[in-house]
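Participant: Turn this into a model:
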Amino acid sequence: MSKNAKIAAGGVAAGLVLFFWLPWWAALLIVLGVPAAAYLALDPAQRRRLRRVSRKELGR
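Facilitator: Numbers count the residues shown, from 1 in each chain. Purely as a prediction, here's the structure:
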């Protein structure tokens, strides 16, 4: 199992635990808020690079 697959599996497991442990709106806020906060934490050059790579992968 690759490193990214392990991270994804851990994220799904944590999401399921949060879904049953917290109210649905709090779990949704965490699921949407963490990636948004991570993106906003990048500096502008890193954001440009991330957008460029994402567009190249979509064009395949």
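Participant: Now do the contacts for the residue nearest the centre of the chain.
Facilitator: In the chain, the C-alpha nearest the mean C-alpha coordinate belongs to residue 35, at 4.2 Å (C-alpha atoms, centre = their mean). Residue 35 makes no contacts at all, as judged by C-beta atoms under 8 Å, 6 or more residues apart in numbering. Every C-beta, even on glycine, is put in place using the N, C-alpha and C of the backbone.
Participant: Could you identify the helix or strand that succeeds the one helix or strand it maps to?
Facilitator: For residue 35, the element it lies in under DSSP states H and E is helix 24-41. As assigned by DSSP H and E, the chain's next helix or strand after helix 24-41 is helix 44-58.
Participant: Could you give the separation of that following helix from the chain centroid?
Facilitator: Distance of helix 44-58 from the chain centroid (C-alpha atoms, centre = their mean, to the nearest Å) equals 15 Å.
Participant: which helices and strands sit right next to it?
Facilitator: Packing contacts for helix 44-58, counted by 3 or more C-beta pairs under 8 Å, 6 or more residues apart in numbering; DSSP states H and E, involve no helix or strand.
Participant: quick one: average confidence on it?
Facilitator: With pLDDT averaged residue by residue, helix 44-58 scores 82.
Participant: which outside residues touch that helix?
Facilitator: With C-beta under 8 Å, 6+ apart as the criterion, helix 44-58 contacts 39, 42.
Participant: Now do it and helix 24-41, the angle between them.
Facilitator: Using axes from the mean of the first three to the mean of the last three C-alpha atoms, to 10 degrees, the inter-axis angle of helix 44-58 relative to helix 24-41 is 110 degrees.
Participant: tell me which residues of helix 44-58 are tucked away?
Facilitator: Using 16 or more other C-beta atoms under 10 Å as the test for burial, helix 44-58 gives no buried residues.
Participant: now do stretch 17-32
Facilitator: Neighbour counts over stretch 17-32 (16+ other C-beta under 10 Å) mark residue 27 as buried.
Participant: now do the same end-to-end measure for it.
Facilitator: Criterion C-alpha to C-alpha, to the nearest Å; first-to-last residue distance in stretch 17-32 is 16 Å.
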